[in-house]
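Visitor: Pasting the sequence and the predicted model now:
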Amino acid sequence: MTIEAHGPVAVATTRKAAPGVFYLCLGILGLAVVAAILADWIAPYDPSATDFSALYQQPSSAHWFGTDQLGRDILSRVIHGARPSLLGAIALLTFATAVGVLIGTVAAWKRGWVDAVLARVTDVMFAFPGLLFVVLVIAVFDRGPGTAVIGMGLAFAPVIAKFTRAIALEEMARPYVDAYRLQGIGSVELCVRYVLPNLFPTLIGYLVVLFGEGLMSLAALNFLGFGAQPPSSEWGLMVQEGRGGVIQGIVGPALIPGLVIAVVVVATNVIGVRLSDKLAVKA
Amino acid sequence: MTTALLRRFAGLVLTLVISSFVIFAGMYAAPGDPVTFLIGNPENLTPDNIAAVRAEYHLDEPLWTQYARWATGVLHGDLGQSMYYQQPVSDLLSSRLPMTLTLVAMASVLFVVIGVGLGVLAALRRGSALDSVITGFTTFVNSVPNFVIGLVLVAVFAVQLRWFPVAGDGAGFTDRLYHLTLPAIALALGSIALISRVTRQTMTEQQTLDHVEAARSYGLTMRQIVVRHVLRNSLGPVVTMCGLVMAGMLAGTVVIESVFGLSGVGKLLVDAINTHDFPVVQAILLYMVIGYMVVTVVVDLAYPLLDPRTMARSDRS
């Protein structure tokens, strides 16, 4: 669904947003992070507390976003849902970055058969469109938030590996690399201490945009019921649970978390594009 | 040219073999014994029964033998037996495929027409308010998960306005198209951003080239320049992108079918995972991978036809 747009096409062509929009987006992301960290203190209700006398309430002063099919406060659920949603995307990206950067750097450094094997592995991974690879992982290791994150991480890793390899190849052609090599600095030390830090500015912007994609893909998995399980209030799962209400004309329980996902993804995309503009041009 | 084609083909077959093995081995390695799902009732889990079921489904053979058996079967059109439905997987697939393929076809028509149309508009009115609106709208839509878009469509057009049915497959061809309208829109919307962006960018690049300037100085009308020169030369990247998106949709229907309660291949896949029906999961993953690869290869091969310059280039190298 969303990761079919592999590579930098989606990143490079989005136009620069006005500075005001950028700070607004930073604010939105900041708000989501604060909600995730302080959920226990700022949420007005217990996210799992059911109230059968208040099912499907319209938004009111008592329940700003209304209540869902079990009478749970939607605002509190969205606030608490920030934690699994953001943490999931962070975990998947951390895992994918660790694997991808390692493979990409080694392939750029060693070339030869390592590079050829990487190319083949990447080909096989790309042969699984969209969420399919994750679906395979879930079919094998059964559902659960951990499986979803690891499967998703494995699906993102080759994209990051390919990107890292491309920028690492460029970096390694620079004279300073040869200079350090002539001084007798070992391959590993050279890569870790000198080459990788120079790659990070370019990588960061790319990773922030991937974060939005990861968030969206994880939400889709959770919507299918393959990741987080009730009573978690992960946003994708909330949309799934609120689905029944839509048919009865009650849209809040499904569409509010859906809108939250969209807003956070837009915010990270704007920030990511801005960061890659700022950080990458430096060279 | 021929060697390039042959190499491409060999690479394709290799990727296909590896990915089919990954799919098969994954199911083989899955924890949890399929026998327990096959027998169902725990009271029937006697050693004799287990051995009989294992032999029936060839679960007692080593991985390589099982893979070879499965791959040979697949090549002969035999995808195995569903453990849950107790019917041949190929029957299940062929009953579900028309729905999914119709959905993908409808969505493809939509995103190609709307995506390319918006891209052309944005490119022609570059820098205008219309351009900003199109870019802003498509970027936003691209960031909304398609299951949310689907639910918004249901809430507005099915529940409130009652223009379309809330769910269901529809009987007969026209009714099917009617039922699939909202799902197709939901499936297509996310891709429109990508296509319009690629169209806008390649067309913008084309517009600055000398031959367009020359055509303009000859006094050709704007319309002729756009259709004959700018659009014609932008086709390569646009068609490639459309092909990739369409190929990705074969798998993208999984989520949309679940939103709209359609009983297509995607729904079958989700159900099969929930019931641990491994032969079905294997067959569907394989179908989606093959479909994706075939479409991407066709697009690759079509590129030189659309843009003869690439053919000349590859001959020279």
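Guide: Nice, thanks for sending it over. Here the structure is a predicted model, which is why all the values come from computation and not from measurement.

Visitor: drop to CA atoms for contacts and neighbour counts, all remaining ones
Guide: Fine.

Visitor: Find me the pLDDT at residue 26, would you?
Guide: I'll assume chain A. If you check residue A:26, the pLDDT there is 89.

Visitor: Oops, wrong one, chain B.
Guide: Reading off the model, residue B:26 has pLDDT 82.

Visitor: got the contact list for the residue lying closest to it once chain neighbours are set aside?
Guide: Residue nearest to residue B:26 in three dimensions, not counting chain neighbours: residue A:140, with 5.9 Å by CA to CA, 6 or more residues apart in numbering or on different chains. Residue A:140 is in contact with B:26, B:27, B:29, B:30, B:31, counting by CA atoms under 8 Å, 6 or more residues apart in numbering or on different chains.

Visitor: change it to 6 Å
Guide: Residue A:140 makes contact with B:26, B:27, B:30, according to CA atoms under 6 Å, 6 or more residues apart in numbering or on different chains.

Visitor: Can you tell me which of those residues end up in helices?
Guide: Of the positions in the contacts of residue A:140, B:26, B:27 sit in helices, assigned by DSSP state H.

Visitor: Kindly indicate which of the contacts of residue A:140 lies nearest chain A.
Guide: residue B:30 (4.5 Å; CA to the nearest CA).

Visitor: What are the buried residues along the helix or strand containing residue B:51?
Guide: Using DSSP states H and E, residue B:51 falls within helix B:47-56. Buried positions in helix B:47-56, judged by neighbour count with 16 or more other CA atoms under 10 Å in any protein chain shown: B:50, B:53, B:54.

Visitor: Next: stretch B:77-97.
Guide: B:78-84, B:88-90, B:92-93, B:96-97.

Visitor: Now residue B:167. Nearest residue, chain neighbours left out?
Guide: Distance criterion CA to CA, 6+ apart; nearest residue to residue B:167, sequence neighbours excluded, is residue B:260 at 5.2 Å.

Visitor: so that neighbour touches residue B:165, yeah?
Guide: No: here residue B:260 does not reach residue B:165: they are 9.7 Å apart, not a contact under CA atoms under 6 Å.

Visitor: list the buried ones in stretch B:132-146?
Guide: Going by 16+ other CA under 10 Å, stretch B:132-146 has these buried residues: B:134, B:135, B:136, B:138, B:139, B:140, B:141, B:142, B:143, B:144, B:145, B:146.

Visitor: and it, does that touch chain A?
Guide: Yes: Stretch B:132-146 reaches chain A (CA under 6 Å from any CA of the partner chain) through B:143, B:144.

Visitor: coming back round to it: helix or strand for the residue nearest to residue B:26, just tell me which one.
Guide: Per DSSP H and E: helix A:132-141 holds residue A:140.

Visitor: Quick check: what element follows that helix along the chain?
Guide: Taking DSSP H and E, what comes next after helix A:132-141 is helix A:145-172.

Visitor: average model confidence for that following helix?
Guide: Helix A:145-172 shows a mean pLDDT of 87.

Visitor: Now do it against helix A:132-141, angle only.
Guide: Put simply, helix A:145-172 runs at 140 degrees to helix A:132-141, going by axes from the mean of the first three to the mean of the last three CA atoms, to 10 degrees.

Visitor: and helix A:145-172, what other elements does it pack with?
Guide: Contacts defined by 3 or more CA pairs under 6 Å, 6 or more residues apart in numbering or on different chains; DSSP states H and E place helix A:145-172 against helix A:74-110, helix A:132-141.

Visitor: Just the buried positions in stretch B:15-28, please.
Guide: For stretch B:15-28, the neighbour count (16+ other CA under 10 Å) marks B:15, B:16, B:18, B:19, B:20, B:21, B:23, B:24, B:25, B:26, B:27, B:28 as buried.

Visitor: List phi and psi for residue A:228.
Guide: phi -60, psi 150 (degrees, to the nearest 10).

Visitor: Look up how far chain B lies from the closest residue to it other than its chain neighbours.
Guide: Distances taken as CA to CA, 6+ apart place residue A:145 nearest to residue A:228, at 4.7 Å, with adjacent residues excluded. For residue A:145, the distance to chain B equals 16 Å [CA to the nearest CA, to the nearest Å].

Visitor: need the contact list for residue B:232.
Guide: Taking CA under 6 Å, 6+ apart, one finds nothing in contact with residue B:232.

Visitor: Next secondary structure after the host helix or strand of it?
Guide: Secondary structure assignment for residue B:232, by DSSP H and E: helix B:232-260. Going down the chain from helix B:232-260, the next helix or strand is helix B:265-274, by DSSP H and E.

Visitor: tell me which residues in that following helix are buried?
Guide: For helix B:265-274, by 16+ other CA under 10 Å, it's B:265, B:266, B:267, B:268, B:269, B:270, B:272, B:273.

Visitor: can you redo those residues as TSV with pLDDT?
Guide: Listed next are the buried residues of helix B:265-274 as TSV, based on pLDDT from 0 to 100:
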residue	pLDDT
B:265	90
B:266	89
B:267	89
B:268	91
B:269	90
B:270	89
B:272	88
B:273	86
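
Visitor: between the residues you listed, which is closest to residue A:74?
Guide: residue B:270 (27.6 Å; CA to CA).

Visitor: returning to what we had before: and residue B:260 and residue B:165? which has more neighbours close in?
Guide: residue B:260 (21 against 18; other CA atoms under 10 Å in any protein chain shown).

Visitor: Which pLDDT value goes with the more buried one?
Guide: For residue B:260, the model assigns a pLDDT of 88.

Visitor: ok, it to chain A distance?
Guide: From residue B:260 to chain A the distance is 10 Å (CA to the nearest CA).

Visitor: I'd like to know how far that residue sits from residue B:180.
Guide: Counting by CA to CA, to the nearest Å, the separation of residue B:260 from residue B:180 is 9 Å.

Visitor: How about residue A:202?
Guide: Per CA to CA, residue A:202 is found 43 Å from residue B:180.

Visitor: Between the two, which is the more surrounded one?
Guide: For residue A:202 versus residue B:180, the count of surrounding residues by other CA under 10 Å is larger for residue B:180: 28 against 22.

Visitor: For the more buried one, what are phi and psi?
Guide: With angles defined as degrees, to the nearest 10, residue B:180 sits at phi -90, psi 0.

Visitor: What of residue A:250?
Guide: Phi and psi for residue A:250, reported as degrees, to the nearest 10, are phi -110, psi 100.

Visitor: What backbone torsions are found at the closest residue to chain A within the stretch 51-200 of chain B?
Guide: Nearest to chain A in the stretch 51-200 of chain B, going by CA to the nearest CA, is residue B:144, at a distance of 4.5 Å. Dihedral pair for residue B:144: phi -90, psi 120, per degrees, to the nearest 10.

Visitor: ok, it touching residue A:263?
Guide: No: using CA under 6 Å, residue B:144 makes no contact with residue A:263, being 8.0 Å away.

Visitor: Quick one: the helices in the chain, in order.
Guide: If you meant another chain, say so; for now it's chain A. Using DSSP H, helices in chain A cover A:9-13, A:19-42, A:74-110, A:112-126, A:132-141, A:145-172, A:175-182, A:187-189, A:196-223, A:235-247, A:252-280.

Visitor: meant chain B, my bad for not saying
Guide: So, for chain B - with DSSP H - the helices run B:2-29, B:34-39, B:47-56, B:63-75, B:89-124, B:129-143, B:146-153, B:173-207, B:210-217, B:222-224, B:232-260, B:265-274, B:278-306, B:308-316.
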